[in-house]
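Student: I would like the atomic coordinates for the input below:
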Amino acid sequence: MSLKEKIKRDFGSRYGLIFALLAGIRLFFNAVIPLTDKTEARYGEIARLMAETGNWIVPQIDYGIPFWAKPPLSAWLTSASIKLLGTSEFALRLPFWIMAVLIALLLIPYAHQKKINGLIPGIVLFTLPEFFLHAGVLSTDLMLSFSVGLTMIGFWEFMQSGKSRISGLLFFAGIGLGLLAKGPIIGVLSFPPLFLWCLRQRISLKEIFQIPWVLGGLLILSIALPWYWLMEINSPGFIDYFVVGEHFLRFIDSSWAGDKYGFPKQQPLGIIWAFLLAGALPWSFVLLGQLKNGLKKVWNDPWQLFLWLWILWTPFFFSFSKSLIHTYTLPIMIPIALLVVHHWSSLKTKKTILYMAVGLPILLISSYFLEPTQKILSESTDKNLVFHPQVEPSRLYAFPFKSYSSQFYSKGKIKVITPNTLEKMVEDSTSFSIIIKKRQLEDLSPKVMGKLKLLMERRKDNLYHY
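Tutor: Predicted coordinates:
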């Protein structure tokens, strides 16, 4: 049976329906959930500014203010989607959904090698909470995951396929894309597990040198170097901030004062392991059971050892970080899916586990229509404030600062205002609307507050009109 026929059979089976259901649920959420503060709305605004200004070299966090924290690959994809489809949430999130589906489809051959349906690894991926979440979230993490996957799988295929040059170049292409996706972290997450695997398999230096290093190095430079060079020229200081600050200081010093765009995220040491277990439910416990019953088999099986080293290195590395978030586990969702596929035929309760895993996205879509869920979503974004019937975006202000979502949904028209300016505007009898953080209400005079009409009250801020 040809590969085309196998894939057609895969999609025509019940697994094809399950995969379509999961991908469809995620696509539905992509269309109906507003961009939430802070991360998603921030990346949405960066992409909107890129599309509006036509500046594809220097990402901007606001007009004329460069964004140095991340490379532009994800912003490029989102901006291109904006150019084609507009600024809807669906358009902004579409590239990430497409990338998630593409990753799932690229794993089909590894299921066929085990003589099981080719969509099973994709189904496992879309039932991993961490992966399902990022199949439609504006961030840099999914592109990093794709890059790490390309690097690791390219190396594996090179070693298994008679030193194929194409596989070797995939290894380098992944590194190049990773540098554009999130920076040098691509090497930190990929090289150590590959090094350990080579030691265990006693891969000789002669075999390592058969990798097309010269051609691959040129490929990396051709992919990543032009942007880094142009970025430093157009925004001097970027290299020092991004390479030294973002890739070293933020991980060893939770109080790093150089972070221009976030805040210290102090976490207990080792919390990354809890993030991993939760983000990979229920399959994380399935794999722990397999690991408990077969440590010796893992040690002596090159493929299993390769996947386990890939999985374990990332949380081990971040165990010593003082500043981290759960998304750091996303790049190891791919090897988790591949390891589940490896054990699929021997899993006695796979149907029960599968139905349980598929049930979570179905439960999520059911809960979306409930009032508590709608309230949580409304509080996580300023979309409803910007689009209030009495609000004119060009006459919308914020005190003491504007959120990324208010900036995005007002198309950059919202302005930050001071108490003195607000008092003068009230005296001039000029019609306007203003979002005020509740913690700063006491900073405004009773006289001014007495003239403002409350339009909407929320947990952290209120919308007023004059």
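Student: For this structure, which element, helix or strand, carries the lowest mean pLDDT?
Tutor: helix 250-252 (a mean of 56; mean pLDDT, DSSP states H and E).
Student: Give me the next element, helix or strand, following that helix.
Tutor: helix 271-279 (DSSP states H and E).
Student: Output the contacting helices and strands for that following helix.
Tutor: Helices and strands touching helix 271-279, as assessed by 3 or more C-beta pairs under 8 Å, 6 or more residues apart in numbering; DSSP states H and E, comprise helix 129-134, helix 283-293, helix 302-318. Bear in mind the C-beta positions are built from the backbone N, C-alpha and C, glycine included.
Student: now the last one and helix 271-279, what's the angle there?
Tutor: So the one you mean is helix 302-318. 130 degrees (axes from the mean of the first three to the mean of the last three C-alpha atoms, to 10 degrees).
Student: Deepest in the core, which of the helices and strands packed on helix 271-279 is it.
Tutor: Comparing those on average neighbours per residue, with mean count of other C-beta atoms under 10 Å, the densest one is helix 129-134 at a mean of 22.
Student: Can you mark which positions in the helix or strand following that one are buried?
Tutor: Per DSSP H and E, the first helix or strand lying C-terminal to helix 129-134 is helix 141-160. Neighbour counts over helix 141-160 (16 or more other C-beta atoms under 10 Å) mark 141-159 as buried.
Student: try stretch 449-459
Tutor: Those buried within stretch 449-459 under the rule 16+ other C-beta under 10 Å are 452, 455-456.
Student: what would these look like in a markdown table with distance to residue 443, secondary structure and pLDDT?
Tutor: Output for those, formatted as a markdown table (distance: C-beta to C-beta, whole Å; DSSP: H, G, I helix; E, B strand; the rest coil; pLDDT from 0 to 100):
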| residue | distance to residue 443 | secondary structure | pLDDT |
| --- | --- | --- | --- |
| 452 | 14 | coil | 89 |
| 455 | 20 | strand | 91 |
| 456 | 20 | strand | 90 |
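Student: Nearest to residue 100 among those?
Tutor: Relative to residue 100, the closest of the buried residues of stretch 449-459 is residue 456; by C-beta to C-beta it sits at 34.7 Å.
Student: Domain map for the protein?
Tutor: As given by automatic domain parsing, the domain ranges for the chain are 3-371, 383-465.
Student: Can you say which of those is nearest to residue 377?
Tutor: domain 3-371 (6.3 Å).
Student: Can you measure across the closest one, start residue to end residue?
Tutor: Across domain 3-371, the terminal residues are separated by 47 Å (C-alpha to C-alpha, to the nearest Å).
Student: How is residue 388 assigned, secondary-structure-wise?
Tutor: Recorded secondary structure, residue 388: coil (DSSP: H, G, I helix; E, B strand; the rest coil).
Student: mind listing what it touches?
Tutor: 433, 455-456, 463 (C-beta atoms under 8 Å, 6 or more residues apart in numbering).
Student: Those residues: which two are farthest apart?
Tutor: Farthest-apart pair in the contacts of residue 388 is 433 and 456; separation 10.0 Å (C-beta to C-beta).
Student: okay, and the common contacts of the two?
Tutor: Counting by C-beta under 8 Å, 6+ apart, the common neighbours of residue 433 and residue 456 are 388, 463.
Student: My guess is residue 317 contacts residue 190. True?
Tutor: No - Residue 317 is not in contact with residue 190 according to C-beta atoms under 8 Å; the separation is 11.2 Å.
Student: now the domains of the chain as CSV including distance to residue 377?
Tutor: Converted to CSV, the domains of the chain look like this (distance: least, C-beta to C-beta, whole Å):
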stretch, distance to residue 377
domain 3-371, 6
domain 383-465, 9
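Student: for those, which one ends up most surrounded?
Tutor: Buried most deeply of the domains of the chain, by mean count of other C-beta under 10 Å, is domain 3-371, with a mean of 18.
Student: Let me have the helices and strands packed on helix 271-279 in JSON lines, adding mean pLDDT and distance to residue 66 as columns.
Tutor: Listed next are the helices and strands packed on helix 271-279 as JSON lines, based on pLDDT from 0 to 100; distance: least, C-beta to C-beta, whole Å:
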{"stretch": "helix 129-134", "mean pLDDT": "94", "distance to residue 66": "25"}
{"stretch": "helix 283-293", "mean pLDDT": "83", "distance to residue 66": "39"}
{"stretch": "helix 302-318", "mean pLDDT": "94", "distance to residue 66": "27"}
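Student: can you tell which of those helices is closest to residue 232?
Tutor: Nearest to residue 232, of all the helices and strands packed on helix 271-279, is helix 302-318, at 27.4 Å by C-beta to C-beta.
Student: Now do that closest one and helix 283-293, the angle between them.
Tutor: If you take the same axes, to 10 degrees, helix 302-318 sits at 120 degrees to helix 283-293.
Student: Mind giving me the packing neighbours of helix 302-318?
Tutor: The contact analysis (3+ C-beta pairs under 8 Å, 6+ apart) places helix 302-318 against helix 141-160, helix 185-201, helix 271-279, helix 295-300, helix 333-343.
Student: try 7 Å
Tutor: Packing contacts for helix 302-318, counted by 3 or more C-beta pairs under 7 Å, 6 or more residues apart in numbering; DSSP states H and E, involve helix 185-201, helix 271-279, helix 295-300, helix 333-343.
Student: residues making contact with that helix?
Tutor: 152, 156, 188-189, 192-193, 196-197, 200-201, 272-273, 276, 297-299, 324, 328-329, 331-332, 335-336, 338-339, 342 (C-beta atoms under 7 Å, 6 or more residues apart in numbering).
Student: Quick one: distance of it to the chain centre.
Tutor: Centroid separation between helix 302-318 and its chain, computed with C-alpha atoms, centre = their mean, to the nearest Å, is 20 Å.
Student: that older thread, how about the buried residues of stretch 449-459 in a markdown table, adding distance to residue 76?
Tutor: Shown next, in a markdown table, are the buried residues of stretch 449-459 (distance: C-beta to C-beta, whole Å):
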| residue | distance to residue 76 |
| --- | --- |
| 452 | 42 |
| 455 | 38 |
| 456 | 36 |
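Student: and which of those residues is nearest to residue 351?
Tutor: Nearest member of these to residue 351, counting by C-beta to C-beta, is residue 456, at 48.0 Å.
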